[in-house]
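Novice: Next comes the sequence, and after it the predicted model I'd like to discuss.
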Amino acid sequence: MPDGWVVAVVELLDGPPGSRRAGRTRTPASTARTGTERAARTAGGVPAAPRGGAVRWSVLTSAAEVLAATARCAAVGIDIPLGFPAGPERRACEVRARELLGADRSSVFFTPPRAVLEAGGYAEACAVARRLTGRAISLQTFHIAPKIREWEALERPAHVVEVHPELSLRRLAPAVAFARKKSVRGAGQRIAALARWVDPATALADLPDGARLDDVLDALAAAWSAARLALGCAEVLGHEDDDRGRPMRIVV
């Protein structure tokens, strides 16, 4: 399966009739990446713990296809950085996300300035990063640059937001010390946590070809954060806009 996107469109059982939202995560090739503050609030009596119903799965090859497939969703969570810092400053949403993740903060990498990700090769990207920020970037960050640029090139509706599945999962099950996502124990923990949001027997019964289990679970976690945004009870990390006026925020 070529590098693409696992998309989960989840029916929301609480809220306006027929409303839906979607979560998705990148289907990793050889360069996989895991894995985006207002106080949490409840609006109009809507519960802060949404309940998901039926799940519709797909594996898509481009960001444009994801937007088309989720056009009717009330909110869409994307596990990719949206918005770039202009210089050496870190994005506040990533700083806060790393604080909240504690020992697991390595799952959040700091997004470099746009010019770094537009470089033609890794050596050039590191040189630009050192000039702009005083630091090189990791090879892992460079390898997902095409996916970041793909989303940057699109006009995104306001309800399409950045999420971070690992942070979503720790909000779903704050007492759990999660093991690595690709371990058997870690997968079991994540399925148990997601059972507070969807019925695993239903949600995982008909998965698409080409999807990996860890990406599927990330997509359901992304959908949970998107559902919270649709219901008006999400946490929003960060408050800045980038140099193009696009928000740099992670919705949990």
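Specialist: Perfect, thanks for sending it. Owing to the predicted nature of the structure, the values given are computational and were not obtained by experimental measurement.
Novice: for the stretch 1-150 of the chain, which spans come out with low pLDDT?
Specialist: 1-2, 14-48 (pLDDT under 70).
Novice: Swap in 80 and give it another go.
Specialist: 1-3, 14-49 (pLDDT under 80).
Novice: And the strands in it?
Specialist: With DSSP state E, counting those that start in this stretch applied, the stretch 1-150 of the chain shows strands at 4-12, 20-27, 52-60, 76-78, listed in chain order.
Novice: Residue 207: which of those is closest?
Specialist: strand 52-60 (6.0 Å; CB to CB). C-beta coordinates here come from the backbone N, C-alpha and C atoms, glycine included.
Novice: what packs against that closest one?
Specialist: The contact analysis (3 or more CB pairs under 8 Å, 6 or more residues apart in numbering; DSSP states H and E) places strand 52-60 against strand 4-12, helix 63-69, helix 200-203, helix 213-231.
Novice: and if we set it to 6 Å?
Specialist: The elements that strand 52-60 packs onto, with contact taken as 3 or more CB pairs under 6 Å, 6 or more residues apart in numbering; DSSP states H and E, are strand 4-12.
Novice: Report the buried residues of the strand it packs on.
Specialist: 4, 5, 6, 7, 8, 9, 10, 11, 12 (16 or more other CB atoms under 10 Å).
Novice: residues near the spatially closest residue to the fifth one that is not a sequence neighbour, how many?
Specialist: Spatial nearest neighbour of residue 8, chain neighbours left out: residue 219 (4.1 Å); criterion: CB to CB, 6 or more residues apart in numbering. A count of nearby residues for residue 219, using other CB atoms under 10 Å, gives 29.
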